[in-house]
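>>> Sequence and predicted model, in that order:
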Amino acid sequence: MTKGPITCHVLDVSVGRPAEGVDINLQLYHKGAGGIDAFTPIAHGVTDCDGRCSTLLPPRGSSEAKEKGKEIQAGTYKMVFKPKDYFERIGKKCFYPWVEITFEIVDPDEHYHIPLLISPYSFTTYRGS
């Protein structure tokens with residue numbers, strides 16, 4: 001399967017394993033009326049057994065991307081991860097029910113990979129490859 005232009009990987013550093021079943025929403029920023037910032041949901045996914053989600057958007061240039069109007073464009077995006085249910089499934093409390101990572105796409109032809117390292121009481125991220 002070909003991956004989409006925006007992918008992610010969630011690792012649970014408290015157990016040293018991928019975080020399977022984390023809900024993810026991808027949103028696109030728009031300047032709202034009256035200067036109110038707004039994000040519009042454009043895609044939803046769930047991490048697989050390797051903690052990855054590579055199918056948030058259809059592959060760049062595919063007929064599916066064109067038909068559904070899901071071609072990536074330059075702009076500001078936000079990926080919202082919801083790790084609370086994952087931690088509850090493994091018997092742990094979670095301080096951060098949502099983790100929101102806002103990032104900018106300058107070149108729509110590049111691949112954007114957003115890794116998230118989580119534990120019940122912390123998280124970090126970086127630009128992956």
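Okay, I see it.
>>> quick one: least confident helix or strand in the protein?
helix 63-67 (a mean of 84; mean pLDDT, DSSP states H and E).
>>> mind listing what's buried in that helix?
residue 65 (16 or more other Cβ atoms under 10 Å). For the C-beta atoms, the positions are set from N, CA and C on the backbone; glycine is no exception.
>>> what sits against the closest residue to residue 100 other than its chain neighbours?
Excluding its sequence neighbours, the residue lying closest to residue 100 (Cβ to Cβ, 6 or more residues apart in numbering) is residue 80, at 5.1 Å. Going by Cβ atoms under 8 Å, 6 or more residues apart in numbering, residue 80 touches 24, 25, 26, 27, 98, 99, 100.
>>> what's the answer for residue 64, then?
Residue 64 touches 58, 70, counting by Cβ under 8 Å, 6+ apart.
>>> Around residue 89, how many other residues sit close by?
Here the number of neighbours of residue 89 (other Cβ atoms under 10 Å) works out to 11.
>>> Now do the same contact list for it.
Residue 89 makes contacts with residue 21, as judged by Cβ under 8 Å, 6+ apart.
>>> can you tell me how far it sits from residue 121?
Separation of residue 89 from residue 121 (Cβ to Cβ, to the nearest Å) stands at 17 Å.
>>> next one: residue 103
Residue 103 is 23 Å from residue 121, by Cβ to Cβ.
>>> Give the helix, strand or coil label for the residue of the chain positioned farthest from its centre.
Relative to the centre of the chain, the most outlying C-alpha is that of residue 34, 28.1 Å out, by Cα atoms, centre = their mean. Following DSSP: H, G, I helix; E, B strand; the rest coil, residue 34 is assigned to helix.
>>> Am I right that residue 85 falls within a strand?
No. Residue 85 is assigned helix when assessed by three-state DSSP, not a strand.
>>> so how many other residues sit close to it?
When neighbours are counted by other Cβ under 10 Å, residue 85 comes out with 12.
>>> Is it in contact with residue 21, as I believe?
Yes. Using Cβ atoms under 8 Å, residue 85 makes contact with residue 21 at a distance of 7.1 Å.
>>> tell me the contacts of the residue lying closest to residue 97 once chain neighbours are set aside?
Nearest non-adjacent residue to residue 97, counting by Cβ to Cβ, 6+ apart: residue 84, 3.9 Å away. Shown in contact with residue 84 (Cβ under 8 Å, 6+ apart): 94, 96, 97, 98.
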